[in-house]
Structures are given as structure tokens and as C-alpha cells.
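**Student:** Predicted model follows, preceded by the sequence.
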Amino acid sequence: MPGGLLPIAHDRPVTALVPANAGKREPHLDDGDVPVGVEPPPAGDFDLIHARLLLTHVPGVLDGNKQLIKDLSIADARKLIADGTIAGGMIPKVETCIYALEHGVEGVVILDGKVEHAVLLELLTDHGVGTLIHR
């Protein structure tokens, strides 16, 4: 399909954003995922996209007690960045999600690409395994 779209579950297109240095076995990803995440999509892609998956090396956005936050609005995410809950390497990941949302994507899920079947668990179960960021 054009633009890297993958039809999953009733022909709803989903695009996976994969860090540029995925698979290099580095101790941390630094901000290597930013260039891939913020790269403008091919013309017209945002009109087709309902959701994006940001595959990374963390389970999603964690709260102050290191528990996974399942759902965040853009406003919530910005507050967590401002208060330091979202810090370090999570900031560019969340900013990537916000960028996609501000350009027409309905939702972005940050999930751990190292977890076996993470994409299937996110897409095909009610509970998911990552953090959904939405408008």
C-alpha cells in the first residue's frame, strides 16, 4: 500500500513509526527515533490514517510511580512534560506523537516493540499494551 500503510482490522490503516536505530542493540535509543517520527508523511497520508504506533523500547508513558498511563490527551501530555513526569528520551517520543495528532492523525500509541506480539496485543485486544495519546 502507498505510504507504508498496513491494512489491519476492517481495512483501518495503521502506520508503525520505528526508531531509526531499531535493532542496533544500543543501551538506549537517545533521540534516534525523532527523525523518523517527525518526517512529513507522503502527500495525502494523514487523510487515511486513523492510528499510528510508535514502537520504542519502553512500555509507554509512565506516571510518577512508574505505572503505565493508558490514555493521554495532548493537553495532559504537555502538562506531564511541564511538571517533569515526562522527561529525557520520552519528550521527543511524546512530541512526535503530538506532531502527528496536530497533523490529522486521530491517535498514536507508544508501545514497547521488544514485547512479543506487542502490535497484535495493542490492535486486537480491548486493554492494549501501550499509551494512547489523542487530541
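**Tutor:** Right, received. Where do you want to start?

**Student:** Which strands or helices does the longest helix along the chain pack on?
**Tutor:** Counting residues, the longest helix in the chain under DSSP state H turns out to be helix 90-102. Packing partners of helix 90-102 (3 or more Cβ pairs under 8 Å, 6 or more residues apart in numbering; DSSP states H and E): helix 34-38, strand 51-56, helix 74-82, strand 107-112, strand 131-134. In short, each C-beta sits where N, CA and C put it, glycine included.

**Student:** what's the angle between the fourth one and helix 90-102?
**Tutor:** I take that to be strand 107-112. 150 degrees (axes from the mean of the first three to the mean of the last three Cα atoms, to 10 degrees).

**Student:** Show me what counts as buried in the longest helix of the chain.
**Tutor:** Along helix 90-102, these residues count as buried under the neighbour rule (16 or more other Cβ atoms under 10 Å): 90, 92-101.

**Student:** Equivalent analysis for stretch 56-69, please.
**Tutor:** Quick answer for stretch 56-69 (16+ other Cβ under 10 Å): 56-62, 68-69.

**Student:** hmm, who's touching it?
**Tutor:** 19, 28-29, 33, 70, 72, 77, 80, 85-86, 90, 93-94, 109-115, 129-131, 133 (Cβ atoms under 8 Å, 6 or more residues apart in numbering).

**Student:** Just the buried residues out of those residues, in PyMOL syntax.
**Tutor:** One line in PyMOL is enough to select the buried ones among the contacts of stretch 56-69; burial here means 16+ other Cβ under 10 Å:
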select buried, resi 19+29+33+72+77+80+86+90+93+94+109+110+111+112+113+129+130+131+133
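
**Student:** which sections of this protein are below the confidence cut-off?
**Tutor:** 1-51 (pLDDT under 70).
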